[in-house]
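A.B. asks: Can you look at this prediction? I've put the sequence above it.
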Amino acid sequence: MLESFLWTALGLFVIASLVPRNKKPSFLVGALGWAFFTVYWAIEPTYYIGIGDFYNAILTFLTGIFCIFIAFFNANAYRSKMSKKESETLYTITCAAAIGGIFYFSFAEIFMLNVALIGAVTSQTVWILNVLGIPATFSGEHIFVNHCDIEIILACTGIESMALFAGVVGAVEAPIRRRVKAFMASVPVIYVLNLIRNVFVVIAAGYHWFGPVDRSFYIAHHIIAKIGSTIALFIIAYAVLRILPELVDVIADVARMFKNLGGADVSKRLD
């Protein structure tokens, strides 16, 4: 049932994106899409609470809150209560959700694609380990090093970050040459860095760099790799913003919309 809300939202995002930019029907369809997306993200925290992952529970809850407001802003745009510039920003966000959402959820929800991506990342990680002289083998999504079994899951593929950048780069209104440049500076780089991250975690856990296997895996994966990934994403984001300064305007417009919820009469800000 949850998947039906997800795919309905993505379908509506695609339809809204196909409507010419700044046309009212796009915002009506977009508002409906964001409403369905809100339901999906509102239910997701229960899953993470059930497995004790409170970080992702809070993150998905906040994502749901964000979707509510974007749905509200789209409804206001449909009623001509948003400025032309804000309406264009909302259209860009919906396009980004369509591109990034289909990019990510196709691999997350479609079994064959899920298995294919995890298998590719697993085999490539083992290939790099072998090139480095580490006698690693794999079976399915499991990597074996020094009698240690490490499982590669979807989160180990970097697909979330790649989908995010693919969405924003594909949706922003900018010359195709700069968008291709921004894509190459983000998605392939994330994929390669993620393979390096996997190699580090496998070696650290397999050879007990920080103590017993469980402790070594925790420190390598949950502390060092997360910090490194966060720093890398900030650097990549900075590079993309330098290539596509239009994204800075999108971010500023979204911040302005939330700020204006404090009581400004949006109907007085029409262009």
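C.D. replies: Received, thanks.
A.B. asks: So which residues of this protein form strands?
C.D. replies: Assigned by DSSP state E, the chain shows strands spanning 137-139, 142-145, 148-151.
A.B. asks: looking at the ones you listed, which is closest to residue 64?
C.D. replies: Nearest to residue 64, of all the strands of the chain, is strand 148-151, at 29.0 Å by CB to CB. C-betas here are computed from N, CA, C, even on glycine.
A.B. asks: Would you list the strands that that closest one pairs with, along with their directions?
C.D. replies: Using DSSP bridges, strand 148-151 pairs in its sheet with strand 142-145 (antiparallel).
A.B. asks: Show me the contact partners of the partner strand.
C.D. replies: Strand 142-145 has contacts (CB atoms under 8 Å, 6 or more residues apart in numbering) with 122, 125-126, 129, 134-138, 149-152, 202-203, 205-207.
A.B. asks: so which of the strands of the chain comes closest to residue 48?
C.D. replies: With CB to CB as the measure, strand 148-151 is the member of the strands of the chain nearest residue 48 (18.9 Å).
A.B. asks: Restrict the closest one to CA atoms and write it as PDB.
C.D. replies: Below are the C-alpha coordinates for strand 148-151, written out as PDB (Å, rounded to 0.1, in the frame of the first residue of the first chain):
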ATOM      1  CA  CYS A 148      35.000 -11.800   7.700                       C
ATOM      2  CA  ASP A 149      31.600 -11.600   5.900                       C
ATOM      3  CA  ILE A 150      30.500  -8.100   5.000                       C
ATOM      4  CA  GLU A 151      27.100  -7.500   3.300                       C
END
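A.B. asks: quick one: contacts of that strand?
C.D. replies: Outside strand 148-151, the residues that reach it (CB under 8 Å, 6+ apart) are 141, 142, 143, 144, 201, 202, 205, 206, 213, 217.
A.B. asks: related to what we said a few turns ago, dump the strands of the chain to JSON lines, plus distance to residue 69 and mean pLDDT.
C.D. replies: Shown next, in JSON lines, are those (distance: least, CB to CB, whole Å; pLDDT from 0 to 100):
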{"stretch": "strand 137-139", "distance to residue 69": "44", "mean pLDDT": "94"}
{"stretch": "strand 142-145", "distance to residue 69": "42", "mean pLDDT": "96"}
{"stretch": "strand 148-151", "distance to residue 69": "37", "mean pLDDT": "93"}
